[in-house]
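# need a structure here:
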Amino acid sequence: MDKVAIGCVVRDRAWVLPEYLQALQEISYPHKLYLFLENDSRDNTKKILEETTLDAEKIIYSINTRSPHGIREQHSAHQFANLAFLRNQFIERFLETDAHYLLSVDSDIIVPPTLLERLLSGGPKLIVGAAISNVPGQRLDGRSPGNFLIYRNGLYIHPPTYPLQGYMDVDITGAVYLIPRQALEDGVRYGPHPLGEDAPFCLQARKKGYTLRVLLDLQCDHRMNRDFA
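Residues are numbered from 1 along each chain as shown. I've put the predicted structure just below:
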């Protein structure tokens, strides 16, 4: 059975981390490990990661990029570049493991127990994501913006309508998706981009022959901020 590493880059998420970790533990898959890259947290994020007992091997790295903490800075071009750097460092840590897949789950995403069972049903040239709403406190309804974009008439856009069942091929996704190790060994990496650091990752993957899909009836809860925790 393929081993799956589950985790993310995490910073200042003490407000949601216990719920996030509990949801990861409830994923019904026996051959997994947990991998986290903690970045310069000011709260108890690192302590929670270290002290929480999980149901499989846990690997924690820490890094300090001295990046700004303010809300405005978090949406700057500098911060997009910093996030890309951190996520690429996370990939390098993943490649030091013997896992066959990386399940990248942002630390404000609460996943269902069937997540891996559903995402692993794809093939080796697939990068498959679960669906989330980009609107705080809401679920996808077939029209509201989610974590997936398509390319139309020279632009990357949110689909105006989409089904709520089955798979949808997309051009860009993010937040929660299953990545085959081979894609990372092929050199797919994150980069700075106005649409976020996931965009270059997805575009590189497609150029290397990987198909990106989102499983629309596999919805996760997107906490986004403390008001929705």
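
# Show which residue of the protein lies farthest from the average position.
For the chain, the C-alpha farthest from the mean C-alpha position belongs to residue 153; by C-alpha atoms, centre = their mean, that distance is 27.4 Å.

# Before we move on, what's the pLDDT of that one?
Per-residue confidence (pLDDT) for residue 153: 96.

# Next one: it from residue 124, what distance?
Distance of residue 153 to residue 124, given as C-beta to C-beta, to the nearest Å: 32 Å. In this view, the C-beta of every residue, glycine as well, is placed from N, C-alpha and C.

# related to what we said a few turns ago, tell me the contacts of the residue farthest from the centre of the chain?
By C-beta atoms under 8 Å, 6 or more residues apart in numbering, no residues touch residue 153.

# How about residue 134?
Residue 134 makes contact with 144-147, 222, according to C-beta under 8 Å, 6+ apart.

# now do residue 26
residue 113.

# Identify, from the contacts of residue 134, the entry nearest to residue 16.
Distance ranking of these against residue 16, using C-beta to C-beta, places residue 222 first at 10.6 Å.

# Okay, and the beta partners of the closest one?
residue 109 (DSSP bridges).

# please begin residue numbering at 25 from this point
In the new numbering, first residue 25, that becomes residue 246.

# Name all residues that make contact with it.
By C-beta under 8 Å, 6+ apart, residue 246 lies in contact with 132-134, 156-158, 160, 171, 199, 252.

# isn't residue 55 right next to residue 29, touching?
No: if you go by C-beta atoms under 8 Å, residue 55 and residue 29 don't touch, sitting 10.5 Å apart.

# Many thanks, have a good one.
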